[in-house]
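K.L.:
Next comes the sequence, and after it the predicted model I'd like to discuss.
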Amino acid sequence: MRYSIIMSNARFAMATHALALLAQSDEGYPSAYIAGSVNTGAPFLRRVLSSLVKAGLVEAREGRDGGYRLVRPAERITLAEVYRATASDPLLSPSPAEPSPLCPVGSGMRSAFGVLTDQIEEQLIAALAGRTVADIAADAVANGITGKQYARKEGTTSMSS
């Protein structure tokens, strides 16, 4: 269970990164270019991007000039939408050990913990709903390296129509 929570968080982080990168171009980018920025393998990233396609946040274009691009402006995509598209498990999970039904604490622990995790999840979604892909993209660019430090390779960065 712990591994799946870590992977769920990783998918959200990678999806957010990919969307922030896609926000930089109206034409979009091929998965290999996005994977290079995220620093992960293209096959794994394509699975993450697939969940964003299913959620209606990005579109995939096949073929030689294919890749991914945002379906709507980054200012209109909330991080809550990204979280919902990529989270497969709750942020917190109950203990995998079955509590004792004969203990006054153990017999009610799953229920009490469930209420707590539901509240935390609701607060997380509310916080993410107040931030957009454009917000995180702007923060990333403001904190990243300058254009002079990064030489972009032409020909690997655009999707032709």
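P.N.:
Yes, it's here.
K.L.:
Could you double-check that residue 109 lies in contact with residue 99?
P.N.:
Yes - contact criterion Cβ atoms under 8 Å: residue 109 and residue 99 qualify, at 4.7 Å. In this view, the C-beta of every residue, glycine as well, is placed from N, C-alpha and C.
K.L.:
okay, and the common contacts of those two?
P.N.:
With contacts taken as Cβ atoms under 8 Å, 6 or more residues apart in numbering, residue 109 and residue 99 have no neighbour in common.
K.L.:
got a list of what the residue of the chain most remote from its centre touches?
P.N.:
Distance to the chain centre peaks in the chain at residue 102, reaching 41.4 Å (criterion: Cα atoms, centre = their mean). Going by Cβ under 8 Å, 6+ apart, residue 102 touches no other residue.
K.L.:
How is it classified with respect to secondary structure?
P.N.:
The local conformation at residue 102, judged by DSSP: H, G, I helix; E, B strand; the rest coil, is coil.
K.L.:
Residue 116 too?
P.N.:
Under three-state DSSP, residue 116 falls in the helix class.
K.L.:
now residue 34
P.N.:
helix.
K.L.:
ok, it - contacts?
P.N.:
By Cβ under 8 Å, 6+ apart, the contact list for residue 34 reads 18, 21, 22, 45, 49, 67, 68.
K.L.:
I appreciate the help and will end here.
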